[in-house]
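K.L.:
just need the structure, nothing else, for what follows:
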Amino acid sequence: MRGLSLPGRRSAIAAVAALGIAGGTLLAVGTADGEQPAAATGSSDPVAAATAVPPSAEPAQPTLPPEGVALPTPASDVHMSIAALGLDLPVLPHTPQGGAINPPMLTAAYWIQPYGEPVGAPEKADNTLYLAAHSTGTGKYGFDPLVDTDGGGSTLAAGDVVEVSTPEGTVDYTVERTERYAKGELDAATEVWEAVPGRLVLITCYQRGEGRASTENLVVFAES
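P.N.:
Numbering: from 1, shown residues only. Here you go, the predicted model:
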């Protein structure tokens, strides 16, 4: 399998950990030298050494609005939808800051730069497209519909379709499998971080509902 590599090996992904927190999800990513990860080249070099993200790299956690208060939904000409779940979210770019992926809003999904970007046709993809979103365990926000809070993992199954639409066209990604990773395992899961053009990976925390702390990450793998 091809691993994620970095041009010139100036910096390497040092950690990818999803932290479950009250009211939302924090996805933290660190780099070996404090730089943001560079774009993958698709060479055969594996992901470099992994270490834990220091707590100082964690931005403030998002908070849920008061009961009855509706959060705004940002506008975007890129959307992701899953007909099987009745899910439709705007998709916006997000560049990790301070060593962490922290989606700014609960009502959108974010493609992680500088990896794959949403494209209008499968043949235009040059890397894995990573979409991250918060989950809260309430069923109301972000990737909440993906999470089976009864303990079954994901509500998605092999064969379900995730559509990512852009002004240039729409690409259908067929779900191959879903996996749950313990918090300390995601950074070393090389199958998640492979540079594979035409692949889609959805990432969120596995929120169990009822205010219980998240101890796992939910990852959905799909192919165009």
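
K.L.:
from G152, how far off is K140?
P.N.:
19 Å (C-beta to C-beta, to the nearest Å). Using the backbone N, CA and C atoms, a C-beta is placed for each residue, glycine as well.

K.L.:
ok, the two, which is more surrounded?
P.N.:
More neighbours surround K140 than the other of K140 and G152, with 14 against 9 (other C-beta atoms under 10 Å).

K.L.:
next one: the more buried one from G198, what distance?
P.N.:
32 Å.

K.L.:
ok, now which ones touch the nearest residue to V161 once chain neighbours are set aside?
P.N.:
Nearest in space to V161, with sequence neighbours left out and distances taken as C-beta to C-beta, 6 or more residues apart in numbering, is D172 at 5.2 Å. Applying C-beta atoms under 8 Å, 6 or more residues apart in numbering, one finds that D172 lies in contact with V161, V162, E163, S224.

K.L.:
restricted to buried residues, select these in PyMOL.
P.N.:
To isolate the buried ones among the contacts of D172 in PyMOL, judged by 16 or more other C-beta atoms under 10 Å, type:
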select buried, resi 162+224
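
K.L.:
which one of the contacts of D172 sits closest to V192?
P.N.:
Ranked by distance to V192 (C-beta to C-beta), the contacts of D172 are led by V162 at 16.3 Å.

K.L.:
what helices or strands is the helix or strand that contains that closest one leaning on?
P.N.:
In this assignment (DSSP states H and E), V162 forms part of strand 161-166. The contact analysis (3 or more C-beta pairs under 8 Å, 6 or more residues apart in numbering; DSSP states H and E) places strand 161-166 against strand 79-82, strand 169-182, strand 199-206.

K.L.:
now do the buried residues in the shortest one.
P.N.:
Under the neighbour-count criterion of 16+ other C-beta under 10 Å, strand 79-82 has H79, M80, S81, I82 buried.
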